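Asks: Okay, sequence plus prediction incoming.
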Amino acid sequence: MSTEELIKRCQDNDRQAQELLYRQYSSVLYGMCLKYAPNQMEAEDNLQDAFITIFQRIGQYQGKGSFEGWMKRIAINTVLQKYRQKRLYDLPTDDLIEEKLDDEVDDDSSALPLPFLLSIIQELPERYRLVFNLYVLDGHTHKEIAELLGISDGTSKSNLARARQLLQQKINAFNKANDR
């Protein structure tokens, strides 16, 4: 069945088509949700919520652009909405830290095991993890992140710098422990 036909059947509330769509795209969207979640359970909850929204809004998809991209945007927005509701962004932050940490990151970090990198990203405080993922992994600008999260550009930069600093500390500790 073509993607267009699958979308049409989902728009008609065909449960078999919805299940097929879920099976076809759940692993991709789960990966998106996992980037922003502190653990697998929360990522699964976010995935479930994202699919509920996708099925509710599939009638709004007009065939412009990538359908997978449309679903990814819904998944990211679903996750961000949950975090906004938790009001994590009301925590005090300072805007003094700039992105000078780029030069301090070891070139050796590419040799680190991927599961380790994913786990230390997931261990970041939520506000840092969100900004880090949006900026580094998804390529958003600080202005876009500020709009998405309802924070200032400076707070976005500060949170990114702090995330990088925490990640660098964990990478250094990992490298030190494995050099023995």
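Replies: Thanks, I have it.

Asks: any idea how far the residue positioned nearest the centre of the chain lies from K72?
Replies: Residue closest to the average C-alpha location in the chain (CA atoms, centre = their mean): Y36, at 3.8 Å. Here Y36 is placed at a distance of 12 Å from K72 (CB to CB, to the nearest Å). Using the backbone N, CA and C atoms, a C-beta is placed for each residue, glycine as well.

Asks: list the contacts for G63?
Replies: Residues counted as contacts of G63 (CB atoms under 8 Å, 6 or more residues apart in numbering) are E4, I7.

Asks: Next, it: secondary structure please.
Replies: Classification of G63 by DSSP: H, G, I helix; E, B strand; the rest coil places it in coil.

Asks: Quick one: residues contacting A37.
Replies: Counted by CB under 8 Å, 6+ apart, A37 has contacts A43, N46, V79, Q122.

Asks: Report how many residues lie close to the residue lying closest to the second one once chain neighbours are set aside.
Replies: The shortest distance from N46 to any residue other than its chain neighbours is 4.1 Å, reached at C33 (CB to CB, 6 or more residues apart in numbering). By the criterion of other CB atoms under 10 Å, C33 has 24 neighbours.

Asks: Could you count how many residues lie near M41?
Replies: M41 has 9 neighbouring residues, counting by other CB under 10 Å.

Asks: Equivalent analysis for L20, please.
Replies: L20: 15 neighbours (other CB under 10 Å).

Asks: mind checking pLDDT for it?
Replies: Per-residue confidence at L20 stands at 96 (pLDDT).

Asks: Next: L91.
Replies: Note on L91: pLDDT of 44.

Asks: Check which helix or strand I151 maps to.
Replies: Applying DSSP states H and E as the criterion places I151 outside every helix and strand.

Asks: and it, how far is that from E19?
Replies: When distance is defined by CB to CB, I151 is 38 Å away from E19.

Asks: which outside residues touch the particular helix or strand that has L6 in it?
Replies: Counting by DSSP H and E, the element that carries L6 is helix 3-11. Helix 3-11 is contacted from outside by 1, 16-18, 20-21, 24, 55, 58-59, 61, 63, 67, using CB under 8 Å, 6+ apart.
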